[in-house]
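[1] Let's see this in three dimensions:
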Amino acid sequence: MLDMKFVRTNPEIVKENIKKKFQDDKLPLVDEVIALDKEYRETKVKCDDLRMQRKSKSKMIGGLMGKGDKEGAEAMKAEVSAIGDELVRLEAREEELQKKVREIMLVIPNIIDESVPIGKDDSENVEVERFGDPFVPEFEVPYHVDIMEKLKGIDLDAARKTSGNGFYYLCGDIARLHSSILSYARDFMIDRGFTYYIPPFMIRSDVVTGVMSFAEMEGMMYKIEGEDLYLIGTSEHSMIGKFIDTILPEESLPQTLTSYSPCFRKEVGAHGIEERGVYRIHQFEKQEMIVVCKPEESKDWFKKLYNNTVDFFRSLDIPVRTLECCSGDLADLKVKSIDVEAWSPRQQKYFEVGSCSNLGDAQARRLGIRVKGADGQKYFAHTLNNTVVAPPRMLIAFLENNLNEDGSIRIPEALQRYMFTDKIAVK
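    Numbers count the residues shown, from 1 in each chain. Below you'll find the model as predicted:
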């Protein structure tokens, strides 16, 4: 969410940013919110003035009564009563205007970084760098579910009966591999100085609207019926929400956190969940990284975060590339975003396995996350998040890139101390 003062004083910058994101339908909102904010501030001034008048006249009543001027005191009471009635009306209007201003401000997109490429959608994202040499073996690489089934590691049919499409049972060595990757990701991030968390898996609506846009919420979140609770789509939601309405001492920054959680997503607009795949699913587990820092440090942390993911995948012998998200592919709260994509030998192309985002002060402004500087001044923190790893999607890249011709799976050295073997064999 932008600062209302910034919108008032820089309406053309805000409009130009909306155009860069190809959201021209939101252009009228800028003038509308400026007009509503003007009325809100004027109404607030009137309310403050009426409160002062009421207080002053109320004091005068006692003086008039003391002088025996009962008629004057009654007249003054009538004035105070009239002021009270007018104040009730204006206070209701003030509250209504404040609510309307916030509702509009929540859908006006954040100002994107000047380095973000301009484009309408993800087809115009820009490759930044490649790490590792993409490799295609001489033998055919089967579909990832076929690899898992050969290793007796997945049961989609049973999951379809219990839960429907978009769910799965992992079992045996594949389930062990899944858990081992998450354990390795946890320790990988701890070794890089991050504090490990397991957060709540449900959050309240005020946290949901603080960490994401309405469009994202509608397309992702599962609502718990009859309660003010949502299942998290990523642990970022809980972890950023942890700081709601807090004032952090500047010396406590940066806060560098890594968190594990199951994730639950509707996947609205996915055009059909794959019946035999685990790429786009309703339930998965993920290791996340979150940073809360000073504004001047967020660009450096952004680079560190996505490089952590690159380093993690390379340690497992998986080639990856980084892809800069263009303006039209950025969620409204994001200032800048880079996707990490892994190589698929079967498809002979890269696919997304993680996303790193700098949200500037947008989440902090929505959630009231402030920092108290050494000079006593308070300002909004910057927040960032990035995926360390999200199996089972990551399993697709892992299995394809470590597949042997006989159907067994090579276990890279970094993972062997978690799997207690250097190979998953076909039984």
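
[2] so what secondary structure elements neighbour the lengthiest helix in the chain?
    Secondary structure of the chain per DSSP state H: the longest helix is helix 27-66. For helix 27-66, the contact count by 3 or more Cβ pairs under 8 Å, 6 or more residues apart in numbering; DSSP states H and E identifies helix 4-9, helix 11-20, helix 70-105 as packing neighbours. Heads up, the C-betas are built off the backbone N, CA and C, glycines and all.

[3] Adding distance to L359 and mean pLDDT, write the ones you listed out as JSON lines.
    Shown next, in JSON lines, are the helices and strands packed on helix 27-66 (distance: least, Cβ to Cβ, whole Å; pLDDT from 0 to 100):
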{"stretch": "helix 4-9", "distance to L359": "16", "mean pLDDT": "96"}
{"stretch": "helix 11-20", "distance to L359": "15", "mean pLDDT": "98"}
{"stretch": "helix 70-105", "distance to L359": "15", "mean pLDDT": "93"}
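
[4] out of these, nearest to E296?
    helix 4-9 (17.9 Å; Cβ to Cβ).

[5] if we look at that closest one, which residues are touching it?
    V14, V30, V33, I34, D37, V101, M105, I108 (Cβ atoms under 8 Å, 6 or more residues apart in numbering).

[6] on that earlier part again, so which of the helices and strands packed on helix 27-66 is nearest G407?
    Nearest of the helices and strands packed on helix 27-66 (Cβ to Cβ): helix 11-20, 48.8 Å.

[7] What residues of the longest helix of the chain count as buried?
    29-30, 33-34, 36-37, 40, 43-44, 46-47, 50, 54, 61, 64 (16 or more other Cβ atoms under 10 Å).

[8] on that earlier part again, quick one: the contacts of helix 4-9 as TSV, columns for distance to S261 too.
    Shown next, in TSV, are those (distance: Cβ to Cβ, whole Å):
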residue	distance to S261
V14	35
V30	37
V33	35
I34	40
D37	38
V101	34
M105	29
I108	30
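
[9] Just flag the most distant two among these.
    Top of the distance list for the contacts of helix 4-9 (Cβ to Cβ): V14 and V101, 14.0 Å.

[10] Identify, from the buried residues of helix 27-66, the entry nearest to R160.
    For these, the nearest to R160 is L29 (43.4 Å; Cβ to Cβ).

[11] The closest one contacts I108, correct?
    Yes. Using Cβ atoms under 8 Å, L29 is in contact with I108, at 5.9 Å.

[12] in a strand, that's where V426 is, yeah?
    No. The assignment for V426 (DSSP: H, G, I helix; E, B strand; the rest coil) gives coil, which keeps it out of a strand.

[13] Distance check, it against R366.
    51 Å (Cβ to Cβ, to the nearest Å).

[14] out of the two, which sits in the busier spot?
    R366 (23 against 12; other Cβ atoms under 10 Å).

[15] For the more buried one, which three-state class applies?
    R366 ends up helix, using three-state DSSP.

[16] show me the contacts for the residue lying closest to it once chain neighbours are set aside.
    The shortest distance from R366 to any residue other than its chain neighbours is 4.2 Å, reached at G210 (Cβ to Cβ, 6 or more residues apart in numbering). Applying Cβ under 8 Å, 6+ apart, we find G210 in contact with I240, G241, I244, Q363, R366, L367.

[17] gap between G210 and R365?
    Applying Cβ to Cβ to G210 and R365 gives a distance of 9 Å.

[18] low-confidence ranges in the stretch 201-350 of the chain?
    Under the criterion pLDDT under 70, the flagged ranges of the stretch 201-350 of the chain are 214, 268-276.

[19] redo that, cut-off 50
    By pLDDT under 50, the low-scoring segments of the stretch 201-350 of the chain are 269, 271-273.

[20] residue boundaries of the helices in it?
    205-211, 214-220, 235-241, 298-314 (DSSP state H, counting those that start in this stretch).

[21] Can you name the residues that contact the residue of the chain positioned farthest from its centre?
    Computed with Cα atoms, centre = their mean, the residue of the chain farthest from its C-alpha average is G68, at 66.5 Å. Counting by Cβ under 8 Å, 6+ apart, G68 touches no other residue.

[22] repeat for G376
    Applying Cβ under 8 Å, 6+ apart, no residues contact G376.

[23] Could you do I281 as well?
    G166, F167, Y168, R265, E267, I273, P392.

[24] so which helix or strand takes in the first one?
    So the one you mean is G166. Using DSSP states H and E, G166 sits in no helix or strand.

[25] and it, backbone torsions?
    The phi/psi pair for G166 (degrees, to the nearest 10) reads phi 90, psi 10.

[26] do you know how far it is from H282?
    For G166 relative to H282 (Cβ to Cβ), the value is 4 Å.

[27] likewise the last one?
    For P392, the distance to H282 under the criterion Cβ to Cβ works out to 12 Å.

[28] circling back to that earlier point, how far away is the residue nearest to R366 from R204?
    10 Å.

[29] Show me what stretch 181-192 is in contact with.
    196, 258, 260, 285, 287, 289, 308, 312, 315-316, 388-389, 391, 394-395, 398, 414-415, 418.

[30] swap the cut-off to 7 Å and go again
    By Cβ atoms under 7 Å, 6 or more residues apart in numbering, the residues outside stretch 181-192 that reach it are 196, 258, 260, 285, 287, 289, 308, 312, 388-389, 391, 394, 414-415, 418.

[31] What average pLDDT does that stretch get?
    Averaging pLDDT along stretch 181-192 gives 98.

[32] Could I have the CA atoms of stretch 6-15 written out in PDB?
    The C-alpha trace of stretch 6-15 is given here as PDB (Å, rounded to 0.1, in the frame of the first residue of the first chain):
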ATOM      1  CA  PHE A   6       2.800  10.300  -1.900                       C
ATOM      2  CA  VAL A   7      -0.400   9.700  -4.000                       C
ATOM      3  CA  ARG A   8      -1.600  13.200  -3.300                       C
ATOM      4  CA  THR A   9       1.600  14.900  -4.300                       C
ATOM      5  CA  ASN A  10       2.600  12.500  -7.100                       C
ATOM      6  CA  PRO A  11      -0.600  11.500  -8.900                       C
ATOM      7  CA  GLU A  12       1.000  11.300 -12.300                       C
ATOM      8  CA  ILE A  13       3.800   9.000 -11.100                       C
ATOM      9  CA  VAL A  14       1.100   6.700  -9.600                       C
ATOM     10  CA  LYS A  15      -0.800   6.800 -12.900                       C
END
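
[33] residues of that stretch that come out buried?
    Result for stretch 6-15 [16+ other Cβ under 10 Å]: buried residues V7, N10, V14, K15.
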